[in-house]
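*Asks:* Predicted model and sequence follow; I will ask about them next.
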Amino acid sequence: MRILFSYLNDLFAVLRRWLSALLGIVFPRCCTVCRCVLGGDNETYLCADCLRELPRTRFHRRRDNPMRKSVESGAPVVKAAAFYYYSAESPYAELVRQLKYQGEQWLGIALGKLIAAELSADSDFFMGIDLVVPVPLHPIRKRRRGYNQSECLAKGLSERLNVPMERDAVIRVRNTETQTSKTREQRFINMLDAFRVSQPARLAGKHILLVDDVWTTGSTVNACMRALRSVERISITVLTLACARRD
Ligand SMILES: [Zn+2]
């Protein structure tokens, strides 16, 4: 019987490999950024060239980086960083577009894992983190999109860092309409009291990694920080996938 199981196992493994190779011929995997066909075993969503040329901010190596300086003063912030520079004209904007608007939740998880691996390889950026907390979407918006893209990133980070994720401790109580056409002041007013900490006890005394997708003016993260400020003995490290490049 054991021999039969072992034989079937081997057979299924061979069939899986054939099927995967066949699917690869019919639907070749393409690089999210340049659309070239991916070939290498380690190329799952980015080709080696696009991965190498990704415009990284390397903010995690500088405690006084521009993002850290823009995080709301008075909040107990330990560190802040964004992984790469975002610009709507850059082909790398496709990563954000696919994650936010094309339903590619797996991409968020993969990027979360990539960020965790890269930032921990050459810094102590994640040192002391107790919990990963995604910036929440309003329930109506989450229902419409089907998922929260920041939660996908947080999931990848949590898995790779082996730190638990807490998804419901902070909730979004105001359904702020899209911010893109607003000025910095309008965004600030629009975001006032947008968040509430629903379960402060779960965050008390913890060092949390607050995760968002794109840092533009910082109004979303800063509004979230204002809500988190009330939690006893909390400390916060902020991390986003991307930040808008201000050339
Ligand atoms: Zn590419």
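*Replies:* Perfect, I can see it now. Numbers count the residues shown, from 1 in each chain.
*Asks:* Mind naming the longest helix for the protein?
*Replies:* helix 2-26 (DSSP state H).
*Asks:* Now for the residue nearest to residue 222 when sequence neighbours are not counted: which residues touch it?
*Replies:* Leaving aside its sequence neighbours, residue 222 sits nearest to residue 72 (C-beta to C-beta, 6 or more residues apart in numbering; 4.3 Å). Placement of C-beta: from N, CA and C, glycine included. When contacts are counted by C-beta atoms under 8 Å, 6 or more residues apart in numbering, residue 72 is found next to 218, 222, 225, 226.
*Asks:* How is residue 72 assigned, secondary-structure-wise?
*Replies:* Under the three-state scheme (DSSP: H, G, I helix; E, B strand; the rest coil), the conformation of residue 72 reads as coil.
*Asks:* Tell me the spacing between it and residue 217.
*Replies:* Counting by C-beta to C-beta, to the nearest Å, the gap between residue 72 and residue 217 amounts to 12 Å.
*Asks:* Where does the prediction get shaky in the protein?
*Replies:* 20-27, 73-75, 177-182, 187-189, 246-247 (pLDDT under 70).
*Asks:* tally of neighbours for residue 55?
*Replies:* Per other C-beta atoms under 10 Å, the neighbour tally for residue 55 reads 13.
*Asks:* shift numbering so it begins at 151
*Replies:* With 151 as the first residue, the last one maps to residue 205.
*Asks:* Give the bridge partners for the closest residue to it other than its chain neighbours, please.
*Replies:* Take residue 205 and drop its neighbours on the chain: the residue closest to it by C-beta to C-beta, 6+ apart is residue 235, 4.4 Å away. When bridges are assigned using DSSP bridges, the partners listed for residue 235 are residue 393.
*Asks:* doesn't residue 204 make contact with residue 235?
*Replies:* No: under the contact definition of C-beta atoms under 8 Å, residue 235 does not touch residue 204, with a separation of 9.2 Å.
*Asks:* Could you pull up phi and psi at residue 311?
*Replies:* phi -90, psi -10 (degrees, to the nearest 10).
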